[in-house]
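>>> fold the following.
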Amino acid sequence: MLGKFDYQVIWNSLPLLGHGMWVTLQLTVIAIAGGIVLGTLLALMRLSKFKVLSGVAGSYVNFFRAMPLILVIFWFYFLAPMATGEALGSFGSVLIAFTLFEAAYYCEIIRAGIQSVTRSQINAGMALGLTYGQTMRYIILPLTAADMVAVRDNRLVEMYGTAALVYFVLCLSGSMWVKRLQRRYAL
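Residues are numbered from 1 along each chain as shown. Next up is the predicted model:
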């Protein structure tokens with residue numbers, strides 16, 4: 001069966017296959033980065049106390065999770081040029097579709113991660129005088145990132161150990177800095 005298999009066709013097509021692999025890699029990296037950024041914003045909107053923000057983000061997530069990806073790609077490739085008057089091109093259409101589609105899924109992953117962080121972590125940030133945004137930026141979202149990687153790679157000890165070490169170093173450095181300030185400005 002493989003006796004008639006023509007390996008020369010593969011060898012001759014390597015430059016084209018390499019280019020296709022490069023385009024796929026670019027598309028994947030950019031779409032994941034965009035999806036994570038947009039997904040994080042959507043997750044924060046979903047957790048917002050403002051019903052309008054929460055409702056918009058929830059509708060977005062439900063809409064894109066209910067749609068087949070191929071349909072979203074077709075929308076941006078065929079319908080967006082009709083609405084805007086400008087073609088996005090194949091790469092642009094797929095990139096926008098992937099980013100928007102992935103953002104809906106990342107939103108739910110990040111929202112669940114944020115909600116899994118105990119209330120005591122938020123209270124600790126508030127006790128330090130951090131605002132809600134600072135607490136999210138410096139405490140909650142980094143713990144969520146470690147949790148996502150730990151679960152994804154099944155490497156709980158490594159990720160939580162690293163997160164604990166980083167927080168220990170940050171807290172130790174911060175407390176030493178505060179002690180220095182206290183000695184300097186003590187009455």
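
>>> which stretches in the chain count as strands?
Secondary structure of the chain (DSSP state E): no strands present.

>>> give me the low-pLDDT residue ranges for it?
1-3, 5, 7, 144-153, 155-156, 159-160, 163, 187 (pLDDT under 70).

>>> not counting sequence-adjacent ones, nearest residue to the residue most central in space within it?
Nearest to the geometric centre of the chain sits Ile36, at 2.0 Å (CA atoms, centre = their mean). Excluding its sequence neighbours, the residue lying closest to Ile36 (CB to CB, 6 or more residues apart in numbering) is Tyr106, at 5.4 Å. Heads up, the C-betas are built off the backbone N, CA and C, glycines and all.

>>> for that neighbour, give its distance to Val37.
9 Å (CB to CB, to the nearest Å).

>>> top helix in the protein by residue count?
helix 7-46 (DSSP state H).

>>> off-centre distance for that one?
15 Å (CA atoms, centre = their mean, to the nearest Å).

>>> tell me how many other residues crowd the residue nearest to Ile36.
Other residues within reach of Tyr106, judged by other CB atoms under 10 Å, total 23.

>>> the residue nearest to the centre of the chain contacts Cys107, correct?
No. In this structure, Ile36 is not within contact of Cys107 by CB atoms under 8 Å, at 9.8 Å.

>>> still on that earlier bit, list the contacts for the residue nearest to the centre of the chain?
102, 106, 110 (CB atoms under 8 Å, 6 or more residues apart in numbering).

>>> repeat that for Arg183.
Contacts of Arg183 (CB under 8 Å, 6+ apart): none.

>>> number of residues surrounding Leu95?
For Leu95, using other CB under 10 Å, the count is 18.

>>> and it, what does it touch?
27, 30-31, 34.

>>> and the buried ones among the residues you listed, selectable in ChimeraX?
A single ChimeraX command selects the buried members of the contacts of Leu95 (16 or more other CB atoms under 10 Å):
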select :31,34
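
>>> for the contacts of Leu95, please prepare CSV with the additional fields distance to Phe74.
Shown next, in CSV, are the contacts of Leu95 (distance: CB to CB, whole Å):
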residue, distance to Phe74
Leu27, 17
Ile30, 20
Ala31, 17
Gly34, 20
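
>>> pull the most distant pair out of the contacts of Leu95.
Leu27 and Gly34 (10.6 Å; CB to CB).

>>> about what we covered before: report the buried residues of the longest helix of the chain.
Buried-residue list, helix 7-46, by 16+ other CB under 10 Å: 31, 34-36, 38-40, 42-46.

>>> for those residues, which one is nearest Gln134?
Of all those, Gln134 sits closest to Leu44, with 13.3 Å by CB to CB.

>>> all good on my end, thank you.
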